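A.B. asks: dropping the sequence and predicted coords here.
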Amino acid sequence: MFGFSRPQGVSFLIMLAAVIISPAFFYPILLMKVLCFALFACAYNLLIGYVGLGSFGHAAFFGMGGYIAAYSAKKWGLDPALAIIAGGLVGAVLGAVFGWLAIGRQGIYFAMITLALSQMVFFFCTQASFTGGEDGIQQVPRGKLFGMISLQDDMAMYTVVAVIFLVTFLLIHRIVHSPFGQVLKAIRENEPRATSLGYRTDDYKMLVFILSAGIAGIAGGTKSIVFGIATLTDVANAQSGEVILMTLVGGMGTIFGPVLGALILNFIESYLAQLGAWFAVTQGVIFVLCIMFFRRGILGELAARLKVAL
Amino acid sequence: MFMIFGYPSALLFGQLLLGLINGAFYALLSLGLAIIFGMLNIVNFSHGALFMLGAFVAWGLLEFLGISYWWSLLLAPIVVGAFGVLLEKVFIARLYKLDHLYGLLLTFGLALVIEGLARNQFGSSGMPFAIPRQLQGATDLGFMFMPNYRGWVVAASAGMCLLVWLVIEKTSLGATLRAATENPAIVQSFGINVPRMITLTYAAGVALAAFAGVLAAPIYSVNPNMGASFIITVFAVVVIGGMGSIAGSIVTGFGLGIVEGLTKVFYPQGSSVVIFVVMVIVLLTRPAGLFGKGGH
């Protein structure tokens, strides 16, 4: 089903089982945070892992998706599902703008342009009135899903987040393993060759950038509904750095890697709270170690050892 | 006092000077980035952290060893340059054969470590750094009062930029460097130690960042975040100028500083984003940048 290979099918079942039983062992709040970031990292991976485009501005989509979902749920009383979708749509539109400006430029320029544009979005969020400036948008109601199911209960909310995560995960898997996804990988491996085969590579990159930004917006929107708050933290550059790190640690270009990366980094953050101010340094050290010694990330290395695709 | 476009001239010239100062730092930092990029083909994401480190070295030399600002202007770039040699040898040199994405990610991680360590050690608030005795006070230029130190910053960085330009464009060392940028294999076949040249180029680039850091120390307080806030704007400056040309990055740096200063007068709310707006316009009209040689 869904074109999983056998190892991927097994991994998916393990992940599914973990999503179902883990609330018995850990705080649902922490797990929901992990799932939101896992989704964010999967969206990022779609771009960096499968097309080789390194964006340094993904916080803009994640944070803006969060603001839009929080605002529409609080001020307009929108259904939480619609609020999250609105977050995703705005993320995608923003992605289209970023893509329009940056896609033509490669590699390093692409990185610098996305970083600069996301800084611009950050400044916009500090000054625009709807974001609430330094205070952010607080006390966002979780509301009732489809007007019926109250999400006040953490387990109800967890179920919704888990469903959003799994559905989007399968969607990403489907995209990657479709003919479209094959072209993306061809572009990553050798763009001039893909062009010479008649593919308009810029169009492909644009589309995947919009998809990635839209999913990042959904992740951000979900997070702000779960926590009832949207702040400048989610739209700040440090957030872009975190998602890059999660993807890198888990394994760029593997389907499950970003999920594992998000899990590991969020657990480090919450269980090693005594790290405190050392957290940034720890992140930096993990970054450097990853790049120097295991560039393929945990699952990438594992997959290479076992000679399978994960 | 007289008026220009309905604004008091003192305000206009004051902001123009502030703009020039920011432009001086943009020019020095983007110059270093351009030199490093030319030779190493990586964008040094730790440039801002090393700029900050330069300011901290100057502060430490004064605080613990009583070494004056003037010596720091020479010593801090040497210390940070030596640190750059270390970074290049231990980390960056191992990545040349890989996709440049890894160089980006590595220097990004290094910046997190350096800035994180500084924040843990010194807190986020920062320490004041006194303006050297010789440069205190201000001079009446007739149309405005200019604080002496600010005049010095503009002059010193313009001088340094000119010096770097002369070395690269007019000396035989610079000619070798340009040749190695074009085709390292051929230059190496002439018996020139290209790997060492690459290391020293990186050191020189980060030494320029440290020099800028020392100049910046008395203006902004010496704090761990001073580089992070600068560097993103500098990246936009680099995108606007294009990294193809040394003179181009200097001109773009100063020019955009002035644009930013003028925006503070005419439309203050826009001053924090004006450079990014210029970047967008340039990307739409001249995708390779004002002085760029092709987009790839």
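C.D. replies: Looks like it arrived, so ask away.
A.B. asks: distance from stretch A:34-50 to the middle of the chain?
C.D. replies: 4 Å (CA atoms, centre = their mean, to the nearest Å).
A.B. asks: average pLDDT for that stretch?
C.D. replies: Summarised as a single mean, pLDDT over stretch A:34-50 is 95.
A.B. asks: quick one, what contacts the residue positioned nearest the centre of chain A?
C.D. replies: Geometric centre of chain A, nearest residue: A:Phe40, 1.1 Å, by CA atoms, centre = their mean. Neighbour list for A:Phe40: A:His58, A:Phe62, A:Ile215, A:Ala216, A:Ala219, A:Gly220, A:Val243, A:Met246, A:Ala262 [criterion: CB atoms under 8 Å, 6 or more residues apart in numbering or on different chains]. Where C-beta positions appear, they are placed from N, C-alpha and C, glycine not excepted.
A.B. asks: which element is the fifth one on?
C.D. replies: Looking back up the chat, that one is A:Ala219. Counting by DSSP states H and E, the element that carries A:Ala219 is helix A:201-227.
A.B. asks: which strands and helices lie in contact with that helix?
C.D. replies: Applying 3 or more CB pairs under 8 Å, 6 or more residues apart in numbering or on different chains; DSSP states H and E, one finds that helix A:201-227 contacts helix A:28-48, helix A:59-75, helix A:80-102, helix A:154-176, helix A:179-189, helix A:191-196.
A.B. asks: as CSV, those helices with distance to A:Val235 would be great.
C.D. replies: As requested, the helices and strands packed on helix A:201-227 are exported to CSV (distance: least, CB to CB, whole Å):
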stretch, distance to A:Val235
helix A:28-48, 13
helix A:59-75, 3
helix A:80-102, 11
helix A:154-176, 21
helix A:179-189, 27
helix A:191-196, 31
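A.B. asks: now, of those, which is deepest in the fold?
C.D. replies: Neighbour counts (mean count of other CB atoms under 10 Å in any protein chain shown) averaged over each of the helices and strands packed on helix A:201-227 peak at helix A:59-75, with a mean of 29.
A.B. asks: extract the C-alpha set from that one and format it as CSV.
C.D. replies: The C-alpha trace of helix A:59-75 is given here as CSV (Å, rounded to 0.1, in the frame of the first residue of the first chain):
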residue,chain,number,x,y,z
ALA,A,59,10.5,29.5,10.1
ALA,A,60,8.6,32.1,8.1
PHE,A,61,6.1,29.5,6.9
PHE,A,62,5.9,27.6,10.2
GLY,A,63,5.5,30.8,12.2
MET,A,64,3.1,32.5,9.8
GLY,A,65,1.0,29.4,9.6
GLY,A,66,0.9,29.5,13.4
TYR,A,67,-0.2,33.1,13.5
ILE,A,68,-2.9,32.7,10.9
ALA,A,69,-4.4,29.6,12.6
ALA,A,70,-4.3,31.3,16.0
TYR,A,71,-5.8,34.5,14.7
SER,A,72,-8.6,32.9,12.8
ALA,A,73,-9.5,30.5,15.6
LYS,A,74,-9.5,33.2,18.2
LYS,A,75,-10.8,36.3,16.4
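A.B. asks: chain center to that helix: distance?
C.D. replies: Centroid separation for helix A:59-75 versus its chain: 14 Å, with CA atoms, centre = their mean.
A.B. asks: what's the average pLDDT for it?
C.D. replies: For helix A:59-75, mean pLDDT rounds to 94.
A.B. asks: likewise for stretch A:158-178?
C.D. replies: Stretch A:158-178 comes out at a mean pLDDT of 93.
A.B. asks: so which residues of the stretch 1-150 of chain B form helices?
C.D. replies: Applying DSSP state H, counting those that start in this stretch to the stretch 1-150 of chain B gives helices spanning B:9-40, B:47-65, B:69-90, B:100-122, B:148-170.
A.B. asks: B:Phe266 versus B:Val282, what's the distance?
C.D. replies: Using CB to CB, to the nearest Å, one obtains 20 Å as the distance from B:Val282 to B:Phe266.
A.B. asks: could you check which of these two has the larger neighbour count?
C.D. replies: In terms of neighbours (other CB atoms under 10 Å in any protein chain shown), B:Val282 is the more surrounded of B:Val282 and B:Phe266; the figures are 20 against 13.
A.B. asks: what's near enough to touch that one?
C.D. replies: Applying CB under 8 Å, 6+ apart, we find B:Val282 in contact with B:Val239, B:Ile240, B:Gly289, B:Leu290.
A.B. asks: before we move on, back to that, any idea of the mean pLDDT for the helix holding A:Ala219?
C.D. replies: Mean per-residue pLDDT for helix A:201-227: 94.
A.B. asks: swap in stretch B:125-139?
C.D. replies: Average pLDDT, stretch B:125-139: 82.
A.B. asks: now do stretch B:205-225
C.D. replies: Averaged across stretch B:205-225, pLDDT comes to 92.
A.B. asks: and it, what's buried?
C.D. replies: Using 16 or more other CB atoms under 10 Å in any protein chain shown as the test for burial, stretch B:205-225 gives B:205-220, B:222-225.
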